[in-house]
Structure formats: structure tokens, C-alpha cells
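Sharing a model prediction with you, sequence too.
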Amino acid sequence: MKIFSAEQLHQADKVTTKKHEITSLDLMERAGSQIFNWLHQRLQGAPVPIHIFCGIGNNGGDGLVVGRLLIENGYSVTIYVANFTDKRSKCFLVNYDKVKSISKKWPVLMTSEEDFPQINKKDIVIDALFGIGLNRSPEGWVKKLIQHINTSESFTLSIDMPSGMYADTATEDFDAVVEANHVLTFQAPKFSFFLPETGKYAPYFEALDIGLDPEFLHTTEPLAQLILKPQAQQFYRQRKKYDHKGTFGHALIIAGSYGKMGAAILSSKAAFRIGAGLVTCFVPECGYQIVQTAIPEAMTLTDKEDDLITNIEFDIEVAAIGVGMGIGTKKETVAALQKLFSEAKAPMVIDADALNCISENESLLKVLPKQSVLTPHPGELKRLIGDWKNDFDKIEKTKKFSEKYEVVVLIKGANTMTIFGDMVYINSTGNPGMATAGSGDVLSGVITGLLSQGYDPLLASVFGVYLHGSAGNIVSQQISFEAVMASDIADTLGDAYIELFAKDPVPGGEQQQ
Ligand SMILES: NC(=O)C1=CN([C@@H]2O[C@H](COP(=O)(O)OP(=O)(O)OC[C@H]3O[C@@H](n4cnc5c(N)ncnc54)[C@H](OP(=O)(O)O)[C@@H]3O)[C@@H](O)[C@H]2O)[C@@H](O)CC1
Ligand SMILES: [K+]
């Protein structure tokens, strides 16, 4: 699903009205009616007090449409207009008059703090102050109004955007953003819904299709792509009857050091579970028995050193390499990586300590194999690209890094993003239960296992992140967020595949934004 900028959506609005011979007013009526239907289905006429706060732009106009339809259907509604300027939009004005024509209870015009109503905890608030037309942070009494809404603790439904937040640029004043409980957004979710700094203001959202011109939406290059189940289904490559284990490749996992052999096991297990034909695990000598015992399906190669990796030598043909999990950052290991990066031919996933080695040794950057997949957690990412001012700055810096070194980079988090050059893919699966030790090692194994089966690096990353999150969703439904361990995620990867095409969804599998 495409994620568009505010400007693109304004453009879509214009194209739609021109091409489909409908007016902006019709579009607003369509948008408002959908919000009303959503509410009406849930409230079924309940006499709960509903406060609608409208701005004076088209977002406010949407609020007026919803208000009118609720009043016509007998709901207990009070509409407030935050009258911070006289520059009201045309569609706002038409709908303002329409409300006045159907009800004796005219909208309340607010011009200062003194006009704030009491909002009780059990009331409902509809936030239609600002949408994608916000162009500066709300200030003065308007900011106070937003804070008044936030302190009310009532259920707050934001129309299109939580007011005070931008769709596709960094929010400046977090004290001036409506803390929505739910957002009904038009046509497509907005970029800021998926970022850690702003996502919490839109914890649940639904995109309502208001029929913007399909051709415009189809041909417009989006800011990002949201990966949902239909997209993930298209990535899947079906196995054929005469395929054999060689077809699915030989994955080499280079991982572990004294006390951190679990990382090697988790990655290797995940590479198997995602479908690699063969997995060889390269570990320090001390890991030999551990790996052979914990995962008998894997072959084991060892370094000549007992407790760390110093020289990665192998005479097997491998289809993909996953390197870095739990290997430490000692100088002998850095030297081993230097040699591996310079000589290895297979596509590579570079994770954890290998990334830390890169941050500390510029010489490794020079030999970073092109098309590699880098899977840093936030701390590792910061060491790689430097600090960032905000989430959008982080994405821009990651894009530059990706472009410069021709590598795929993940920004891991609640909605992991895969960045390749200018392209951004936002993942929709996963949950807080996956914030557990070793979860990243499993992800590296997953992507390595997909690479070994011939998925290209970008596809292996986007699909791997999706399946990893889906496995996490399924297992957390079975055993709770709290109980999830990384090995559970690896062991549930099979269910994630099944869930992709299951007629009856696997419990937890549908748990997406
Ligand atoms: N996309 C679509 O296809 C459809 C979109 N629709 C709806 O339209 C919405 C976008 O409407 P919009 O463009 O009128 O902007 P909106 O957010 O209502 O507010 C802008 C107004 O606020 C002002 N202003 C800005 N910042 C301010 C501040 N900090 N403090 C004070 N004032 C501030 C700014 O005026 P300014 O002072 O800058 O001249 C302007 O007057 C969209 O989110 C959706 O709900 C649907 O109806 C149907 C189809
Ligand atoms: K809003």
C-alpha cells in the first residue's frame, strides 16, 4: 500500500474533482459520511455526549459533515469551531451553514480558553481541528485546547490526522498534538503514523477509501510502501516438485564467541526454518559441541581460535552468508571481516557486532560488499550513520548511507523499515513481545535463509521482516507478549508461511495495523 505526502494528497484531491466531475464538497460529504458510518455502526444510537472540535479548514469541514449526520440521526452532539482566523475554507463555510439549517443548536464559536467546555471521561471527542493542511505548530489557546482534549481522558477519534502532527515532516511541538485513541484517515495512512516519535499519537488507525482518482494514485511515486499481507503474498516463491535441497541453497552463518554461542544457534535455526537447504555454522572452536548438540541439522566449521573468530576459512560453496551475531569487536575479528568482505562472493547479511566493527573501522566500509543487507538496531544504526535530529532525519541519513554504499539497510523498531537507496518499505507485522534477546539474530538468519533460496537482497529483507513479525504475532497470541523468546519466533516461522495463504487465519496472524 502506498504512503503519500500531504502535497500528493492535496494534488489527488484536485485531480479527482477535475477528472471525475465531482466537487470538493462532494468529496467532503463522502469523507464525512464514512466517518459517520464508522461511528454509527459502533454507537448504534447510544446517547453518549459527543464533542466535535472543528478547525476552519477542510478538516474542520469534515467535522461539520460528521456533526450534521450525527445530529440528523439523533445523537447528542455539540460542535465547537476553533475560530482562530477568519480565513475559513469554502467547503467549511458551506457545511457550517448546513449545520445551522438543520439544528437550532448552532456550533459554538471558540476564541479563547474561556470557551473550553467540560469534557467528561465517558464522552466522545472528535478531533477535526487540523488535517494535512497544518503548516506550523499550534500555539496559544489552540495549543491549550489540544491539551484540554488530551487531559480529558475521553475516547478521542481524530479525523485524517491527530491535530498538530504533520503527515510527512517532523513534528516540532509534541505538547501541541492530539493524543488520538483512533484515527480514521483518508485514502492511505500517513508516514508519521509509523515512526516511533509520532506513531504513539495514532496508535490505531484505519484508512478509508474516499475514491480519489485511481490512476493518479497508481502512477504517483509514493514516499514509502506499506507491506501488508497482499504484498507479502506476492513475494512468496512457490517450490516446485523436482526442487532439491541444493535448489534452496547453502547458508553460512558466521557467529558466536565465548558466552554468545546462542546467537549462532538462533540464526542457524531461523535460516533452516525459513527454508535454506543446508546451513553451515562457522563458530570459534569452543562452539563446536554446542552447535552440533543444539542443532544437529547444521554442519559446523570452527575457527582455529577457541573463543573468538579470527580467520574465516571455508571450502564449501555457499549461496548466502549471515555474519556478525555475537562475534565481538576484537581486532582479530575485524581482520577476519576485512578478508571476508574482500573475498566472499555470496550475498551477505551483516548484523550486530560486524556492524559495530564497521563503525569503528573505516577500512571495512571500503570493502563492504555491494547489495549486502545491514540489520542494525537503533544503537548500531547511530554508530553507523551518526546521530539524527528526528525520525525523518534518520530516514534521510539512512537513505544516503544506503545509496553511498549500495546496501540495503533496516531501521528496526515497531514498524521496521527497509531502506534501499530512495525506497522505503514499512513493515506492518510484529509486536512489543518481540523486543527480546536474540530476536535480531533470528531475523538475520531469516534473511540469510531467504537469500540462500535465491530471493534478491531487497526482497529477502522486506519479506523476511514481514515473516519474522508475523511469526512473532502468532506465537505471542499463543503464549503472551511477555513469554516470547527468540527461539519461539524461529520455531513459529512455519506458521507465518501457512498464515500467508491460510483460508482461516492462524490466530495472531491477522494482528496488523
Ligand atoms: N486529501 C483529500 O483528498 C481530502 C481531504 N479532506 C480533508 O481536508 C483536510 C485538509 O484540509 P486543508 O488543506 O483545508 O487543511 P486543514 O488541515 O483543515 O487546516 C488548514 C487550515 O489551518 C490553518 N493552519 C495551519 N496550521 C495552523 C496552525 N498551527 N495554527 C493555526 N492555523 C493553522 C491554515 O491557514 P493559514 O493560517 O496557514 O492560512 C488553514 O486554514 C484533510 O486533512 C482532510 O481532513 C477531505 O475533506 C476530503 C478529501
Ligand atoms: K484532525
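Everything's here; your move. Ligands and ions are numbered 1, 2, ... in the order given.

nearest residue to the residue nearest the centre of the chain other than its sequence neighbours?
Nearest to the geometric centre of the chain sits Asn415, at 2.6 Å (C-alpha atoms, centre = their mean). The shortest distance from Asn415 to any non-neighbouring residue, by C-beta to C-beta, 6 or more residues apart in numbering, is to Phe194 (4.2 Å). Glycine gets a C-beta too; all of them are placed from N, C-alpha and C.

What of Ala354?
Gly324 (2.7 Å).

what's the burial count for that neighbour?
33 (other C-beta atoms under 10 Å).

ok, now which ones touch it?
Contacts for Gly324 (C-beta atoms under 8 Å, 6 or more residues apart in numbering) come out as Ile254, Ala255, Ile350, Asp351, Ala352, Asp353, Ala354, Leu355, Cys357, Ser444.

For those, give me TSV that also has distance to Lys100 and secondary structure.
Formatted as TSV, the contacts of Gly324 follow (distance: C-beta to C-beta, whole Å; DSSP: H, G, I helix; E, B strand; the rest coil):
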residue	distance to Lys100	secondary structure
Ile254	72	strand
Ala255	69	coil
Ile350	63	strand
Asp351	62	strand
Ala352	63	helix
Asp353	67	helix
Ala354	66	helix
Leu355	61	helix
Cys357	68	helix
Ser444	62	helix
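
tell me which of these is nearest to Asn135?
Leu355 (38.5 Å; C-beta to C-beta).

Roughly how far does that closest one sit from Lys98?
58 Å (C-beta to C-beta, to the nearest Å).

Neighbour count: these two, which is higher?
Leu355 (24 against 16).

Test my guess that that one contacts Leu384.
Yes. Applying C-beta atoms under 8 Å as the test, Leu355 and Leu384 come out as touching, 6.3 Å apart.

where do the contact lists of these two overlap?
The contact lists of Leu355 and Leu384 share Leu374, Pro376, where a contact means C-beta under 8 Å, 6+ apart.

and the one helix or strand Ala460 maps to, which residues are buried?
Counting by DSSP states H and E, the element that carries Ala460 is helix 457-479. If you call a residue buried by 16 or more other C-beta atoms under 10 Å, then helix 457-479 has these buried ones: 457-477.

Over to the residue nearest to Ala354: give its phi and psi.
phi 120, psi -20 (degrees, to the nearest 10).

about what we covered before: how about residues contacting the helix or strand that the helix holding Ala460 is followed by?
Heading C-terminal from helix 457-479, the first helix or strand you meet, by DSSP H and E, is helix 486-491. Residues from elsewhere that reach helix 486-491 (C-beta under 8 Å, 6+ apart): 266, 269-270, 273, 434, 436-439, 441-442, 445, 468, 471-472, 475, 479.

Same check on stretch 199-219?
Residues contacting stretch 199-219 (C-beta under 8 Å, 6+ apart): 1-2, 4, 9, 11-13, 15-16, 19-20, 27, 30-31, 34-35, 38, 158, 161-162, 165, 177-190, 192-193, 414-415, 513.

could you redo the last one with a cut-off of 6 Å?
Here stretch 199-219 makes contact (C-beta atoms under 6 Å, 6 or more residues apart in numbering) with 12, 15-16, 19, 30-31, 34, 162, 165, 177, 179-180, 182-189, 193.

Write the ChimeraX selection for whichever of the contacts of helix 486-491 are buried.
Buried residues among the contacts of helix 486-491 (16+ other C-beta under 10 Å), as a ChimeraX selection:
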select :266,269,270,273,434,436,438,439,441,442,445,468,471,472,475
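
any idea of the pLDDT on the residue nearest to the centre of the chain?
In this prediction, Asn415 carries a pLDDT score of 94.

That one reaches Tyr425, doesn't it?
No. At 10.2 Å, Asn415 does not count as touching Tyr425 under the criterion of C-beta atoms under 6 Å.

Could you count how many residues lie near the residue lying closest to Glu179 once chain neighbours are set aside?
Of all residues not flanking Glu179 in the chain, Asn150 sits nearest, at 4.9 Å (C-beta to C-beta, 6+ apart). The number of residues packed near Asn150 is 19, by other C-beta under 10 Å.

and Asn150, that's in a strand?
No. Asn150: not assigned to a strand; according to DSSP: H, G, I helix; E, B strand; the rest coil it is helix.

Okay, it and Lys121: tell me how far apart.
From Asn150 to Lys121 the distance is 13 Å (C-beta to C-beta).

Same check on Glu362?
56 Å.

ok, now Glu139?
27 Å.

Between the two, which is the more surrounded one?
Using other C-beta under 10 Å, the more surrounded residue of Glu139 and Lys121 is Glu139, with 11 against 8.

Once you drop chain neighbours, what's closest to Leu109?
Asn83 (4.7 Å).

Run through the residues that contact that neighbour.
So Asn83 contacts Leu109, Met110, Thr111 (C-beta under 6 Å, 6+ apart).

Of those residues, keep whichever come out buried.
Buried, going by 16+ other C-beta under 10 Å: Met110, out of the contacts of Asn83.

Glu179 against Ile149, yeah?
No. Between Glu179 and Ile149 there is no contact under C-beta under 6 Å: 8.0 Å.

Which one's more surrounded, those two?
Using other C-beta under 10 Å, the more surrounded residue of Glu179 and Ile149 is Ile149, with 23 against 20.

any idea of the pLDDT on the more buried one?
Reading off the model, Ile149 has pLDDT 97.
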